[in-house]
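*Asks:* I'll drop the sequence and a predicted model, then ask my questions.
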Amino acid sequence: QVQLVESGGGLVQAGGSLRLSCAAPGRTFSGYVMGWFRQAPGKEREFVAAITWTFGTSYADSVKGRFTISRDNAENTVSLQMNSLKPEDTAVYYCAADLSLPTLMNVRAQYWGRGTQVTVSS
C-alpha cells in the first residue's frame, strides 16, 4: 500500500505561519499531480492546493495569496507554506496524489496520507 506521510502540523496563533511537508517513502510520483486538502470537524474534506509535475499550480479561493504549494521532484516531496493563518484554517490537512488534476481536485485522488492537524488560535 503506497502511503504518503505528512508532517509539520501544529498549533499557531492567528497571523502566524506553518509549513507542511509530504513525502512518499520508497515510491516516486513521477508524472503525478500532488495536492493538499483539509477537513474541519463536521465538514467535508475540501481542496486546498495542487501542483502538477511541471509545476503548474491551483488554489482554493480561500487560501489564494496566503498559501504556496511547491514540490521537489528529485526528493519526491511536496510542501505547503501557509502564511497569515486564520482560525478558520483549523483542520486536518491531507496530502494526496493522482495522475489527473480534475480527479484530484474533486477529492477523488488515488493516494492519500493520514493527515496532520493544524490548529490556529484566535
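*Replies:* Yes, it's here. Please read all numbers here as calculations on a predicted model, not as lab measurements. Numbers count the residues shown, from 1 in each chain.

*Asks:* how much space between the residue nearest to the spatial centre of the chain and Trp53?
*Replies:* By C-alpha atoms, centre = their mean, the chain has its centre lying nearest to Trp36, at 2.1 Å. As judged by C-beta to C-beta, to the nearest Å, Trp36 and Trp53 stand 16 Å apart. Quick note: C-beta positions are derived from backbone N, CA and C, even for glycine.

*Asks:* swap in Lys86?
*Replies:* 31 Å.

*Asks:* now do the helices in the chain.
*Replies:* Taking DSSP state H as the test, the helices found in the chain are 101-105.

*Asks:* show me the shaky parts of it.
*Replies:* 1-2 (pLDDT under 70).

*Asks:* strands along that one, start to end?
*Replies:* Assigned by DSSP state E, the strands in the chain fall at 5-7, 10-13, 18-23, 33-39, 46-51, 57-59, 67-72, 77-82, 91-98, 111-112, 116-121.

*Asks:* could the ones you listed go into JSON lines alongside distance to Leu104?
*Replies:* Shown next, in JSON lines, are those (distance: least, C-beta to C-beta, whole Å):
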{"stretch": "strand 5-7", "distance to Leu104": "16"}
{"stretch": "strand 10-13", "distance to Leu104": "25"}
{"stretch": "strand 18-23", "distance to Leu104": "13"}
{"stretch": "strand 33-39", "distance to Leu104": "5"}
{"stretch": "strand 46-51", "distance to Leu104": "6"}
{"stretch": "strand 57-59", "distance to Leu104": "9"}
{"stretch": "strand 67-72", "distance to Leu104": "12"}
{"stretch": "strand 77-82", "distance to Leu104": "12"}
{"stretch": "strand 91-98", "distance to Leu104": "4"}
{"stretch": "strand 111-112", "distance to Leu104": "10"}
{"stretch": "strand 116-121", "distance to Leu104": "18"}
